[in-house]
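Asker: coords please:
(one chain, ligands or ions: 2)
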Amino acid sequence: MIMTKRDLLITEVALRDGSHAVNHQFTLDQVVNVSKALDEANVPYIEVTHGDGLGGSSLQFGLSHTNDLELIEAAAATVKNAKISVLLLPGVGTKEELKQAAKLGAKMVRVATHVTEADVAPQHIALAKELGLETVGFLMMSHMAPVDKLVEQAKLMESYGADVVYAVDSAGALLPHEVKERIRAMKENLSVEIGFHAHNNLSLAMANSLAAIEEGATRIDGSIRCLGAGAGNTQTEVLVAVLDRLGINSGIDLYKIMDVAENIIAPILPKPQEITKDSLTLGYAGVYSSFLLHSQRAAERFNIDSRDILIELGKHKVVGGQEDMILDVAAELAKK
Ligand SMILES: CC[C@H](O)CC(=O)C(=O)O
Ligand SMILES: [Mn+2]
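Answerer: Ligands and ions are numbered 1, 2, ... in the order given. Down below sits the predicted model:
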């Protein structure tokens, strides 16, 4: 076992957030190869789950190529030092699935709720603690709540027993000063560690992650080669290099993580992760990054501009779990 003294802990989310970008089609071989390589680069946490978390495989969210639990088991059996994390949205994943994930080797769970709905999480957090899992409260769509509301909800997560609480910029809509005020307020009001999860739709994932670190966040998410929903997350290998320049030790081997990006991730990307007109619109309109492919499919079906759908979804303040609204909105727009 490698013992690394790290200043900050990076969770690599390509095998979970990136599931959205590959339409949930990760194969067992891909998950094993990527987990092995990330582990060898000394990445501390690797998240493996359907993009929408345990139990996410469905017509609503997209059917997985391979069952979540099989992927988690294979990744856990592969890694030597890294911890496998899973995502759980109460109401999508069940407590039974969480028990199974823990049995199969998951060591951390991120219990994810909409930023104003932490109160759906206590049972799942309590179970996670009982199972001996490191437990994270993951407050999604953080741009949709004012700072005091976010703090209130973060404190709820802490009171339920979360070891870490994250502000999650699901839409990649936050600007650096907005990240700063959120993380600063969380730091001032909570005793647990604070984390930040960015999306790069406005090309601000790195700037926002650094803003979060400056305000005291010690957990940061990255997706290697930006393999995450929308334009992806903070690019892990770039983050490792930037942190190194700042004298912050992530414990991750820079050359090895660059090689994983180049030799293992790039070949499995359906297309390079770029800020396209649609991913840019996600950030601009404040829409869930995971809605990207669903909206593009709806645009094609109704022969309309996908940006119009995204702008309309932003106006409706649609949240995770409301994927069915994408078709409703597209159908309405098509009538006009
Ligand atoms: C739908 C779950 C979502 O993808 C979780 C996440 O990574 C986020 O909100 O950004
Ligand atoms: Mn995400």
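
Asker: give me the element residue 165 is part of.
Answerer: According to DSSP states H and E, residue 165 maps onto strand 164-168.

Asker: Revised request: answer the last question for residue 229.
Answerer: Using DSSP H and E, residue 229 falls outside every helix and strand.

Asker: Pull the number of nearby residues for the residue in the chain positioned nearest to ligand 1.
Answerer: Across the chain, no residue is closer to ligand 1 than residue 170, which sits at 3.2 Å (C-beta to the nearest ligand atom). Backbone N, C-alpha and C define where each C-beta goes, glycine included. Using other C-beta atoms under 10 Å, the number of residues around residue 170 comes to 31.

Asker: That one reaches residue 288, doesn't it?
Answerer: Yes - in this structure, residue 170 is within contact of residue 288 by C-beta atoms under 8 Å, at 5.3 Å.

Asker: overlap in contacts of those two?
Answerer: Counting by C-beta atoms under 8 Å, 6 or more residues apart in numbering, the contacts common to residue 170 and residue 288 are 141, 320.

Asker: ok so, going back, so how far is whichever helix or strand comes after the strand holding residue 165 from its chain's centroid?
Answerer: Downstream of strand 164-168, the first helix or strand assigned by DSSP H and E is helix 176-189. Its chain's C-alpha centre lies 19 Å from the corresponding centre of helix 176-189 when counted by C-alpha atoms, centre = their mean, to the nearest Å.

Asker: Which elements pack onto helix 176-189?
Answerer: Where contact means 3 or more C-beta pairs under 8 Å, 6 or more residues apart in numbering; DSSP states H and E, helix 176-189 is packed against helix 147-160, strand 164-168, strand 193-197, helix 205-214.

Asker: Save the ones you listed as CSV, and put in distance to ligand 1 too.
Answerer: Shown next, in CSV, are the helices and strands packed on helix 176-189 (distance: least, C-beta to the nearest ligand atom, whole Å):
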stretch, distance to ligand 1
helix 147-160, 14
strand 164-168, 5
strand 193-197, 6
helix 205-214, 11
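
Asker: As TSV, these with mean pLDDT and mean neighbour count would be great.
Answerer: As requested, these are exported to TSV (pLDDT from 0 to 100; neighbours: other C-beta atoms under 10 Å):
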stretch	mean pLDDT	mean neighbour count
helix 147-160	98	19
strand 164-168	99	26
strand 193-197	99	25
helix 205-214	99	24
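
Asker: Reformat the ones you listed as CSV; add distance to residue 41.
Answerer: Listed next are these as CSV, based on distance: least, C-beta to C-beta, whole Å:
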stretch, distance to residue 41
helix 147-160, 30
strand 164-168, 22
strand 193-197, 20
helix 205-214, 19
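
Asker: circling back to that earlier point, give me the local confidence score for the residue of the chain closest to ligand 1.
Answerer: You'll see residue 170 listed with a pLDDT of 98.

Asker: now swap in the one 5 residues further on and tell me
Answerer: Reading off the per-residue confidence, residue 175 sits at a pLDDT of 98.

Asker: Quick check: residue 110 is in a strand.
Answerer: Yes - under DSSP: H, G, I helix; E, B strand; the rest coil, residue 110 sits within a strand.

Asker: ok, it touching residue 87?
Answerer: Yes - Residue 110 is within contact range of residue 87, at 5.1 Å (criterion: C-beta under 8 Å).

Asker: Now do the shared contacts for these two.
Answerer: With C-beta under 8 Å, 6+ apart, residue 110 and residue 87 have common neighbours 47, 138.

Asker: buried residues in stretch 14-26?
Answerer: 14, 15, 16, 17, 18, 19, 20, 21, 22, 23, 24, 26 (16 or more other C-beta atoms under 10 Å).

Asker: Where does the prediction get shaky in the stretch 1-150 of the chain?
Answerer: By pLDDT under 70, the weakly predicted segments of the stretch 1-150 of the chain are 1.

Asker: can you list the residues of it near ligand 1?
Answerer: 17, 51, 52, 112, 140 (C-beta under 6 Å from any ligand atom).

Asker: And the furthest pair within those residues?
Answerer: 51 and 140 (12.4 Å; C-beta to C-beta).

Asker: Between the two, tell me which one has more neighbours.
Answerer: Between residue 51 and residue 140, residue 51 has the larger neighbour count (other C-beta under 10 Å), namely 27 against 22.

Asker: helix/strand/coil for that one?
Answerer: Following three-state DSSP, the label given to residue 51 is coil.

Asker: Distance-wise, check it relative to residue 120.
Answerer: Distance check for residue 51 against residue 120: by C-beta to C-beta, to the nearest Å, it reads 19 Å.

Asker: Alright, I will stop here.
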